[in-house]
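1. Okay, predicted coordinates and the sequence, questions at the end:
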Amino acid sequence: MSDPGGYSPKVRQLFAEARRGGDLPPGPGKRCRGEARALERGAWVRLEARLQAGVVTDARFRAWGCPHLIAACALVTDRMVGQRAEEACRLDPLALSRELAVPAEKLGRLLVLEDAVRGLAAGMAESQ
């Protein structure tokens, strides 16, 4: 359920914390990247992940867009950590939009995130 400001409490929390926002710090493992943009939709996303033995040990994002998109990036990258590469890159934008109460007119921004995840998945597949 959304609050009068248009953002659910979960979106507000994820946006405020943006725990995995920024660049991937140096560390062991294979570094992979996926990026997508649709500036006409008001969205740009870059995802980075570190793999060790096929498992995501860290994930980060940089994004330009609305609080819904930033919150979605934070949630997706947080969930990637600890997952096998193929599992980490499974994303259902409709389920994510329901979870975060994203309005239908902003669904296109989540599709940009989905494209970035697909790019990241391709990078992970190449590195294994």
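-> Yes, it's here.
2. which stretches of the protein form strands?
-> Ranges of strands within the chain are 30-38, 43-52, 55-64, based on DSSP state E.
3. Relative to residue 6, which of these is closest?
-> Go through those one by one with C-beta to C-beta and the one that ends up closest to residue 6 is strand 43-52, at 16.9 Å. Every residue, glycine included, has its C-beta placed from N, CA and C.
4. what's the angle between the closest one and strand 30-38?
-> Strand 43-52 and strand 30-38 are oriented at 170 degrees to each other (axes from the mean of the first three to the mean of the last three C-alpha atoms, to 10 degrees).
5. Okay, buried residues for strand 43-52 please.
-> Under the neighbour-count criterion of 16 or more other C-beta atoms under 10 Å, strand 43-52 has 43, 44, 45, 46, 47, 48, 49, 50, 51 buried.
6. quick one: which of the residues you listed is nearest residue 68?
-> residue 43 (9.8 Å).
7. Could you verify my assumption that the closest one touches residue 70?
-> No. With the criterion set as C-beta atoms under 8 Å, residue 43 and residue 70 do not qualify as a contacting pair; they are 10.2 Å apart.
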